[in-house]
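1. Predicted coordinates and the sequence they were generated for:
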Amino acid sequence: MNLITLLLRSSWKILTLATCIGLLSGVSTAGLLITINTHINQSSLRIILIYSFIGLCLVKFLTNIISKYLLINLAEKAIVELRLTLNERILSAPLYHLEKLGKHRILATLTDDVLAISRTVYIIPTLCIDMTIVVSCLLYLFWLSPTIFFLVVISLLLGIFSYQQIAYKATSFFTLARQQEDRLFKHFQSITEGTKELKLHKERRQIFLKQELRETAQLSRRNNVVGMTIFAVAASWGNSLFFVVVGLVIFALPTFQTIPNHILSGYALTILYLLSPLDYIMSAVPTFSQATVALQKLESLKLLLSNRCYESNLMNWDEADNFCYSLEFLGITHTYHQDSEDTAFTLGPIDLTVSGGEIVFIVGGNGSGKSTLIKLISGLYIPESGKIYFNSKLVTTENQEWFRQHFSAVFSDFYLFDNLFNLGKNIADDKIQDYLVQLQVDKKVQISNGILSTTLLSQGQRKRLALLTAYLEDRPIYVFDEWASDQDPVFKKIFYTQILPELKSKGKTVIVVTHDDQYFYLSDRIVKLDYGKVNNVYKKVTP
Ligand SMILES: Nc1ncnc2c1ncn2[C@@H]1O[C@H](COP(=O)(O)OP(=O)(O)OP(=O)(O)O)[C@@H](O)[C@H]1O
């Protein structure tokens with residue numbers, strides 16, 4: 001995808017209209033130059049020239065404004081669409097792919113790359129008009145004298161070719177600078193997520209600021225400066241080349257053959273006029289190069305290309321079932337591929353069948369694969385091998401999105417949304433208030449129009465609100481990843497002895513990752529994991 005297709009996709013009609021009006025603006029500029037040159041080479045003042053001059057000034061003024069207005073609108077639309085598409089694609093990309101990229105790369109893309117592309121889109125309006133001016137002026141020069149025109153064009157091509165060679169070198173520095181940006185965002189993430197640790201440890205903070213952050217920022221700055229300087233040199237070279245052409249036309253050519261005065265003045269006037277639009281075009285090239293680097297980055301992250309997943313999200317699925325009769329996993333596996341395959345972790349193959357209304361506990365030591373298993377179970381990871389059947393229906397890449405809609409989950413690294421309306425359900429505030437009382441957070445949080453008054457709470461309280469969200473979702477399968485680990489003993493007991501049995505009595509399937517062995521007896525089944533393999537499946541344990 002390049003910038004032009006991005007703009008074309010936004011609205012090709014506006015682009016065509018703006019280009020036509022821009023063309024008119026360019027032609028009126030050439031007309032103005034012709035009028036001025038004709039007047040300079042005439043002894044008497046002709047009224048028609050004055051009217052033409054005024055008329056062309058007016059056309060140039062109006063077409064300039066209209067064309068720029070249309071293109072600015074188009075540019076804004078393209079940027080909004082790029083932002084929205086990018087966010088949609090991120091959400092539809094496979095979770096494992098996003099985890100591998102890391103938050104810092106995704107943030108760098110959403111901020112830096114979008115900004116680099118936006119900057120380009122903003123200069124496009126003036127660029128289009130300037131290009132039409134250049135083309136119209138060149139046509140005028142051809143009309144004045146085809147022979148001199150070819151001389152000018154050869155010099156121009158020479159200039160463009162040498163400029164391109166230099167520009168190519170400069171782009172490689174922009175690519176290096178962009179790589180540093182990813183590292184820079186990783187440092188920003190350390191600052192926002194590691195504030196407490198950095199505040200507490202002076203030496204760590206200073207080493208981080210001076211060695212890591214400053215070094216990366218300097219490296220990025222240096223590469224950008226080198227790239228920009230190369231472009232500045234190239235632009236000056238191109239500019240000087242034009243004066244060389246003017247010199248050749250005015251001083252050198254007349255010594256070989258007689259050239260009429262109106263042609264000489266026409267050439268000098270037009271070439272000098274061309275300097276300004278050409279300068280703008282040349283100064284726009286670095287911005288274009290940075291945008292190209294940004295677009296290449298987007299494509300290398302495979303965010304714009306994950307069409308398959310994206311389209312599967314847009315397909316119309318059957319309504320999600322409201323009961324889980326059976327959930328079968330046959331030989332499912334997942335591997336976290338590492339640079340060295342020796343350290344890669346593989347979960348599975350796992351065979352497991354869960355029925356509706358069953359409470360299953362998943363237990364095991366740290367790093368045994370419990371969280372990975374529930375990501376596979378809930379359809380967030382696509383199994384590398386094996387099959388999943390939900391209510392006897394085979395789950396495939398195409399209906400993965402539909403499958404996921406049967407789960408409500410509170411993960412250990414959950415995110416709490418304050419707007420409960422985005423659940424797509426119309427639930428009265430009074431009902432939610434009752435739940436807040438049951439969860440003992442009513443003194444801290446109020447609900448108004450489906451929005452929680454605050455989410456700035458203790459981790460245990462936030463988890464209770466996440467549980468409330470899951471409750472309201474009212475889906476057939478519930479998944480809790482160490483939900484009770486942050487709860488006080490009283491509420492932990494309420495969770496295991498009241499909330500879980502209540503869900504079960506409603507026919508919900510409940511899958512709980514837990515270390516709380518004193519409550520193991522409440523489960524219908526315990527799946528014990530040991531380094532990615534199912535070690536044991538215990539049937540109901542008695543207290
Ligand atoms: N995104 C990831 N990329 C690479 N490896 C990962 C990733 N997530 C987990 N792992 C590895 O997979 C293994 C299992 O991790 P997992 O989080 O599933 O374990 P767990 O049983 O939930 O552990 P804990 O009880 O500590 O939460 C670990 O060895 C971990 O290093």
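-> Received, thanks.
2. So for the helix or strand harbouring Gln206, mean pLDDT?
-> Here Gln206, judged by DSSP states H and E, is contained in helix 202-207. On average, the pLDDT along helix 202-207 is 89.
3. From the contact counts, what lies against that helix?
-> Applying 3 or more CB pairs under 8 Å, 6 or more residues apart in numbering; DSSP states H and E, we find helix 202-207 packed against helix 195-200. Glycine gets a C-beta too; all of them are placed from N, C-alpha and C.
4. and stretch 93-106 with the ligand, contact?
-> Yes. Shown here: stretch 93-106 in contact with the ligand (CB under 6 Å from any ligand atom) through Glu99.
5. quick one: pLDDT of the residue of the stretch 51-200 of the chain found nearest the ligand?
-> Relative to the ligand, the nearest point of the stretch 51-200 of the chain is Glu99 (4.3 Å; CB to the nearest ligand atom). For Glu99, the model assigns a pLDDT of 88.
6. and if you look at the one 4 residues further on?
-> On pLDDT, Lys103 comes in at 87.
7. mind listing what the closest residue to it other than its chain neighbours touches?
-> Nearest residue to Lys103, sequence neighbours excluded (CB to CB, 6 or more residues apart in numbering): Gln189, at 6.0 Å. When contacts are counted by CB atoms under 8 Å, 6 or more residues apart in numbering, Gln189 touches Lys103, His104, Leu107.
8. one step back: any idea which helix or strand carries the residue of the stretch 51-200 of the chain closest to the ligand?
-> Assigned by DSSP H and E, Glu99 belongs to helix 95-101.
9. What are the contacting residues of that helix?
-> Contacts of helix 95-101 (CB under 8 Å, 6+ apart): Ile90, Ile106, Leu301, Lys302, Ser306, His334, Lys375, Leu380, Tyr381, Ile382.
10. Could you list every helix and strand that the helix or strand containing the first one packs against?
-> This means Ile90. Using DSSP H and E, Ile90 sits within helix 47-92. On a contact count with 3+ CB pairs under 8 Å, 6+ apart, helix 47-92 meets helix 3-10, helix 12-40, helix 114-144, helix 307-314.
11. Off-centre distance for the second one?
-> Spelled out, that is helix 12-40. 37 Å (CA atoms, centre = their mean, to the nearest Å).
12. Quick check: mean pLDDT of it?
-> Here the average pLDDT along helix 12-40 is 82.
13. now for it, which elements pack on it?
-> Helix 12-40 packs on helix 47-92, helix 114-144, helix 261-300, going by 3+ CB pairs under 8 Å, 6+ apart.
14. next one: the third one
-> Where contact means 3+ CB pairs under 8 Å, 6+ apart, helix 114-144 is packed against helix 3-10, helix 12-40, helix 47-92, helix 146-193, helix 261-300.
15. need those in a markdown table with distance to the ligand, can you?
-> Listed next are the helices and strands packed on helix 114-144 as a markdown table, based on distance: least, CB to the nearest ligand atom, whole Å:
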| stretch | distance to the ligand |
| --- | --- |
| helix 3-10 | 32 |
| helix 12-40 | 42 |
| helix 47-92 | 16 |
| helix 146-193 | 15 |
| helix 261-300 | 20 |
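16. could you dump those to JSON lines with distance to Asn449?
-> JSON lines is the format used below for these (distance: least, CB to CB, whole Å):
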{"stretch": "helix 3-10", "distance to Asn449": "35"}
{"stretch": "helix 12-40", "distance to Asn449": "38"}
{"stretch": "helix 47-92", "distance to Asn449": "25"}
{"stretch": "helix 146-193", "distance to Asn449": "30"}
{"stretch": "helix 261-300", "distance to Asn449": "37"}
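17. Just the helices from the stretch 351-500 of the chain, written as ranges.
-> 370-377, 400-404, 429-438, 459-473, 489-494, 500-505 (DSSP state H, counting those that start in this stretch).
18. and among those, the most buried is which?
-> Comparing those by mean neighbour count (mean count of other CB atoms under 10 Å), helix 370-377 ranks first with a mean of 22.
19. And that one, how far out from the chain middle?
-> On CA atoms, centre = their mean, the centre of helix 370-377 falls 27 Å from the chain's centre.
20. now that helix: mean pLDDT?
-> 94.
21. gap between the nearest residue to Arg178 once chain neighbours are set aside and Thr229?
-> Nearest residue to Arg178 in three dimensions, chain neighbours excluded: Val293, at 5.1 Å (CB to CB, 6+ apart). Separation of Val293 from Thr229 (CB to CB, to the nearest Å): 17 Å.
22. ok, back up a step: residue contacts, the residue nearest to Arg178?
-> Contacts of Val293 (CB under 8 Å, 6+ apart): Ala116, Thr171, Phe174, Thr175, Arg178.
23. got TSV for the contacts of helix 95-101, with distance to Gln218 too?
-> TSV is the format used below for these (distance: CB to CB, whole Å):
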residue	distance to Gln218
Ile90	30
Ile106	24
Leu301	25
Lys302	30
Ser306	34
His334	40
Lys375	39
Leu380	39
Tyr381	39
Ile382	41
